[in-house]
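Trainee: Predicted model and sequence follow; I will ask about them next.
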Amino acid sequence: MSDSPKSSLPVVKENSEIAISFKLELADGTLVEETQENEPFRFKIGDGTFINNLENLLVGLELGTTAKLTLSPERAFGLSDPNNFQTMDKADFPEEMALEKGHVIGFNTPTGDEIPGTIHQIEGDKVIVDFNHPLADATVIFSAKIEEIFS
């Protein structure tokens, strides 16, 4: 029999369904997203809800644990790729759509998925769209509390 006390708290596993309260912010404190009080976010580890790096950081945490992690761009949403800038014709956009620099628009891919594109520049009848993740190149701070572990 071992002398060291073993915790009896449930632990997040690689395929656990869990509920967390979380906050995602930029290094300068700008809030990106957070859960509302008493409304934890429920998901299954590995289902693609969060980027793998964030999910992997939750694995092994016990119920009730709070983690606060600062992630470099490489560990969070990646670095921007110059090949992800596309030039499109203004005519390709709905007439009623306000095209402004910094505006994020959902684009449908040939496979039926939707990806975000940020208007980078407007030059005459051409629109340059940045298809890098909106948080590419950003250092982010991810704070999460394990509220429930269902499996």
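Mentor: That came through fine. Bear in mind the structure is a predicted one, so any value in this text is a computation, not a measurement.
Trainee: Count residues in the vicinity of Ser16, would you?
Mentor: Other residues within reach of Ser16, judged by other C-beta atoms under 10 Å, total 21. C-betas here are computed from N, CA, C, even on glycine.
Trainee: what does Ile149 give?
Mentor: 19.
Trainee: Please shift the residue numbers so they start at 509 in all later answers.
Mentor: Yes, from this point I'll number from 509; that puts the last item at Ile657.
Trainee: now it, nearest residue through space, not along the chain?
Mentor: Pro518 (4.3 Å; C-beta to C-beta, 6 or more residues apart in numbering).
Trainee: Tell me the pLDDT of that neighbour.
Mentor: Pro518 carries a pLDDT value of 95.
Trainee: For Glu656, see how far away it is.
Mentor: As judged by C-beta to C-beta, to the nearest Å, Pro518 and Glu656 stand 9 Å apart.
Trainee: Leu587 now?
Mentor: Using C-beta to C-beta, Leu587 is found at 35 Å from Glu656.
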